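Engineer: here's my sequence, what's the structure:
(one chain, ligands or ions: 1)
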Amino acid sequence: MAWYRKLHWQILVGLLIGLGIAIVMRSMALVAPPTGGTPADIVAQAHQYALGVVTLDIWRQPFAFVGDLFLRLLKLIVLPLIVVSLISGIQQIGDASRLGRIGSRTIAYYLGTTLAAVIIGLLVVNIVQPGMGMGLVVEGEAALRPTPMLEVFRDIIPTNVFSALANGQMLPTIFASVFFGLALLLTGDAGKPVVAVIDSMNAAIFKMVDWVMATAPIGVGALLVATLADPSLADLSVFFVSLGSYCASVLVGLSIHGAIVLPLALWAFARRSPLEYVRALSPALLTAFSTASSSATYPVTRDCVVDGAGVSRESADFVLPLGATINMDGTALYEAVAAVFIANAIGFDLTMADQIVIVLTATLAAIGAAGVPSAGLVTMIIVLEAVGLPAGGYVLVIAVDRILDMCRTTINVWGDAVGAAVVDRWSAAE
Ligand code: ASP
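Structural biologist: So this is what the prediction gives:
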């Protein structure tokens, strides 16, 4: 097949065109903020600047609209796909004790790699020490409030499955699907008609996924323009100047985890070539990058893992929904780096014990974070409070959050996919 017919190349081209359009739009519309001069000069410059911001916002609207259509299509299929693929995945595993073994391996693998990610983040940030000597002051309480961890765990059991579905709550939906799927499995013959219905729903939803994926090159390109041309996105110079070493620490940590640790795990435990796996997964990784949402990316991830990389359906259908919800290596790493950066920036001394608390809370906070944009920024407050840092500290990193979110979400999805291949191999070897 010619390269330009392959989806991952089409998506990459879509992203590059999006990047080009965003850069051109920003440079045409935005002028420098007022720099000084007479009061009349300042007023004139401020006027020009405000005009540029408004213009840019108008130009990005059509792209935001198209990007939203793509996101809505993805979100439309996520929950039904999770429900039917989990229920039918459980029927394929076919025995409750095997399901228990696959489940415990999945959780062990996910916890292990998330812990590894946090430790890498802490090592990098302790070497780079971003924010040192900034002497910033954080005032006031956090406007954002994360849900307490105990509540997150309690709410895994929904009291009303329809409201969990209607409100797009992933973990409760997963719990209810596993519960029901297990019951169907153990019901035997009486459950067969329902299993047949679920299987045919499964087939129809996969068709929908294929159609939505065909629109991904335009969807991800439009989303990238909408994000990068958003006037509220910090001027990219912020990225490189005051928050540069912080961003670099996050990006270096993510790169070590994504390009060394996870490929090693894939090679050692799943006996797969990391390069081939990355190629198969690239549509999902690029979609994760542009949507900053592992939940919305789930249909694409599942398609790439099963159809592209040939992981068995029984493993993928069980491991991936859990991964998209609880396994967030990139988020955990980011939260650890951000907490140390905030401590440095306000001159707060972190002891060794504090760093251990960061390891534990960042792991938990990443599990508790939903797979939606900025979720990690909110649950990071749990980490800040656990070591006695001001909750409002998150405002120091908010300006560059979206860009880092796109990168950490890509690693989150990559971690989920590697997990599916590893657990698949472990289960096949039984
Ligand atoms: N956006 C991330 C995800 O969906 C979560 C986060 O904010 O870190 O995986």
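
Engineer: contacts only, for the closest residue to A428 other than its chain neighbours.
Structural biologist: In this structure, A428 finds its nearest non-sequential neighbour in S312, 7.2 Å apart by Cβ to Cβ, 6 or more residues apart in numbering. To be clear about C-beta, it is placed using only N, CA and C from the backbone, and glycine gets the same treatment. Residues in contact with S312 (Cβ atoms under 8 Å, 6 or more residues apart in numbering) are V306, D424, S427, A428.

Engineer: D424: neighbour count?
Structural biologist: Other residues within reach of D424 by the criterion other Cβ atoms under 10 Å amount to 24.

Engineer: how about G371?
Structural biologist: When neighbours are counted by other Cβ under 10 Å, G371 registers 28.

Engineer: spatially nearest residue to the residue in the chain that the ligand sits nearest to (excluding sequence neighbours)?
Structural biologist: The ligand sits closest to G376 of the chain, with a gap of 2.5 Å, by Cβ to the nearest ligand atom. Excluding the flanking residues, the one nearest G376 by Cβ to Cβ, 6+ apart is T331, at 3.9 Å.

Engineer: write out the residues of this protein neighbouring the ligand.
Structural biologist: Contact residues, the chain versus the ligand (Cβ under 6 Å from any ligand atom): 292-294, 328, 331, 369, 371-376, 405, 408-409, 412.

Engineer: circling back: from what I can see the residue nearest to G376 touches R408, true?
Structural biologist: Yes: counting by Cβ atoms under 8 Å, T331 does reach R408; the two are 5.4 Å apart.

Engineer: who touches both of those two?
Structural biologist: Joint contacts of T331 and R408 (Cβ under 8 Å, 6+ apart) are G376.

Engineer: what's around S97, how many residues?
Structural biologist: 8.

Engineer: what helix or strand does it sit in?
Structural biologist: helix 96-128 (DSSP states H and E).

Engineer: likewise I356?
Structural biologist: Secondary structure (DSSP H and E) places I356 in helix 352-368.

Engineer: so, low pLDDT: which residues of this structure?
Structural biologist: 139-145, 234-241 (pLDDT under 70).

Engineer: longest helix of it?
Structural biologist: helix 39-93 (DSSP state H).

Engineer: pull stretch 16-27 out as PDB, backbone CA atoms only.
Structural biologist: C-alpha atoms of stretch 16-27 as PDB (Å, rounded to 0.1, in the frame of the first residue of the first chain):
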ATOM      1  CA  LEU A  16       2.000  19.000  10.500                       C
ATOM      2  CA  ILE A  17      -0.500  21.000   8.400                       C
ATOM      3  CA  GLY A  18      -2.300  21.900  11.600                       C
ATOM      4  CA  LEU A  19       1.000  23.000  13.200                       C
ATOM      5  CA  GLY A  20       1.900  25.100  10.100                       C
ATOM      6  CA  ILE A  21      -1.600  26.800  10.100                       C
ATOM      7  CA  ALA A  22      -1.400  27.600  13.800                       C
ATOM      8  CA  ILE A  23       2.100  29.100  13.500                       C
ATOM      9  CA  VAL A  24       1.000  31.300  10.500                       C
ATOM     10  CA  MET A  25      -2.200  32.400  12.200                       C
ATOM     11  CA  ARG A  26      -0.400  33.300  15.400                       C
ATOM     12  CA  SER A  27       2.300  35.300  13.700                       C
END
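
Engineer: report the buried residues of it.
Structural biologist: For stretch 16-27, the neighbour count (16 or more other Cβ atoms under 10 Å) marks I17, G18, I21, A22, M25, R26 as buried.

Engineer: cool, stretch 35-54 as well?
Structural biologist: In stretch 35-54, counting by 16+ other Cβ under 10 Å, buried: Q45, G52, V53.

Engineer: and if you look at stretch 209-218?
Structural biologist: Of the residues in stretch 209-218, those buried (16+ other Cβ under 10 Å) are V209, V212, M213, T215, A216, P217, I218.

Engineer: what do you get for stretch 379-392?
Structural biologist: T379, M380, I381, I382, V383, L384, A386, V387, L389, P390, A391, G392.

Engineer: ok now stretch 26-46, how far from the chain's centre?
Structural biologist: Centroid separation for stretch 26-46 versus its chain: 37 Å, with Cα atoms, centre = their mean, to the nearest Å.

Engineer: start to end distance for that stretch?
Structural biologist: 17 Å (Cα to Cα, to the nearest Å).

Engineer: need the contact partners of that stretch.
Structural biologist: Q48, Y49, G52, V53, T55, L56, W59, L228, A229, P231.

Engineer: from those residues, which two are the most distant?
Structural biologist: Q48 and L228 (21.5 Å; Cβ to Cβ).

Engineer: does V340 really touch I358, like I thought?
Structural biologist: Yes: using Cβ under 8 Å, V340 is in contact with I358, at 7.2 Å.

Engineer: shared neighbours, those two?
Structural biologist: Joint contacts of V340 and I358 (Cβ under 8 Å, 6+ apart) are L122, L350.

Engineer: can you map out the strands along the stretch 101-250 of the chain?
Structural biologist: Applying DSSP state E, counting those that start in this stretch to the stretch 101-250 of the chain gives no strands.

Engineer: if we can go back for a sec, turn the contacts of stretch 26-46 into CSV, columns for distance to I346.
Structural biologist: Formatted as CSV, these follow (distance: Cβ to Cβ, whole Å):
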residue, distance to I346
Q48, 36
Y49, 30
G52, 33
V53, 30
T55, 37
L56, 33
W59, 38
L228, 30
A229, 32
P231, 28
